[in-house]
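[1] I would like to see how this sequence folds:
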Amino acid sequence: MKKLSLAEKNNLIRAAVMGANDGILSVSGIVIGVAGATSSTFAIFIAGFAGALAGTVSMAMGEYVSVHSQNDAQTKAVSEQEYALKHNYDEEYNYVSKKYTDQGISIVLAQKATTEMMNNDALATTVRERHGFSINHEVSAIGAAVTSMIAFPLGSLLPMMAITLFPTDIRIIATVISVLVALSITGYLAATLSQANRTTATIRNVISGIFTMIVTYTIGSLIGR
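    Residues are numbered from 1 along each chain as shown. Just a heads-up that it's a prediction; the model follows:
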């Protein structure tokens, strides 16, 4: 079995975290909105199920298209660099060397490093320095789609179970609390993965959840009157 690279692992983790987060957020908005319009547990469950099903397919296809587009862009960049090296090798050499000198490396050392790397693999060197990625390290679009397809419905289970299993008089508040706890976790994990500020990302994720549930419940209440 082929061992996954760090980029591939991060891609799958990202798809899992974001899929679960969207499942929690989207379906909680649906079930709470419907709960604002009707007290029918069956109607709430069916609405949540339909939303989870549609969201699962949509999220998976979105991941597939998005990652494929990224891979296509990288393939195009590699092709352009192959052409540039064939027709303007000196220009590419000077670009890499100048980039190193701009970082404070001496001209002699920058030229020596550039020469060694370009002689070893000119294409990989120029792609990395011009475009910021390594060739032959494309991530799997299918892997991201499948991961998201699994994570989204798993995330959607929490609000669906909370809204249907808790007693009628407390099910909305119970759902809100459980959703906010879950969004705190996914927000923290997403920030950790992207190396962003964990506190800011978590608060932002929770606020978006609160806003979504308030809006959908308010609209549902108005419609249900």
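
[2] per-residue confidence at the residue of the chain positioned farthest from its centre?
    Distance from the centre of the chain peaks at V108, with 42.2 Å (Cα atoms, centre = their mean). On pLDDT, V108 comes in at 91.

[3] Secondary structure element holding it?
    helix 107-131 (DSSP states H and E).

[4] so what does the helix or strand that comes right after that helix touch, helix or strand wise?
    Downstream of helix 107-131, the first helix or strand assigned by DSSP H and E is helix 141-165. Here helix 141-165 touches helix 6-37, helix 41-87, helix 171-194, going by 3 or more Cβ pairs under 8 Å, 6 or more residues apart in numbering; DSSP states H and E. C-beta: built from backbone N, CA, C; applies to glycine.

[5] now the angle from helix 141-165 to helix 41-87?
    Interaxial angle, helix 141-165 versus helix 41-87 (axes from the mean of the first three to the mean of the last three Cα atoms, to 10 degrees): 160 degrees.

[6] how much space between T56 and T216?
    19 Å (Cβ to Cβ, to the nearest Å).

[7] Equivalent analysis for G19, please.
    20 Å.

[8] what do you get for N119?
    N119 is 61 Å from T216, by Cβ to Cβ.

[9] what does N71 give?
    36 Å.

[10] who's more crowded, those two?
    Between N71 and T216, counting by other Cβ atoms under 10 Å, T216 is the more crowded of the two (20 against 14).

[11] which element is the more buried one on?
    helix 198-224.

[12] That helix: which residues count as buried?
    The neighbour-count check on helix 198-224 (16 or more other Cβ atoms under 10 Å) flags 201-202, 204-206, 209, 212-213, 216-217, 220 as buried.

[13] Tell me which other helices or strands it touches.
    Packed next to helix 198-224, using 3+ Cβ pairs under 8 Å, 6+ apart, are helix 6-37, helix 171-194.

[14] The longest one versus helix 171-194: what angle between them?
    Taking the same axes, to 10 degrees, one finds helix 6-37 and helix 171-194 inclined to each other by 160 degrees.

[15] pLDDT on helix 6-37, on average?
    85.

[16] before we move on, what about the shortest one?
    For helix 171-194, mean pLDDT is 86.

[17] chain center to it: distance?
    Distance of helix 171-194 from its chain centroid, counting by Cα atoms, centre = their mean, to the nearest Å, is 16 Å.

[18] what angle separates that helix from helix 198-224?
    Using the same axes, to 10 degrees: helix 171-194 against helix 198-224 is 150 degrees.

[19] which strands and helices sit next to helix 171-194?
    Helix 171-194 packs on helix 6-37, helix 141-165, helix 198-224, going by 3+ Cβ pairs under 8 Å, 6+ apart.
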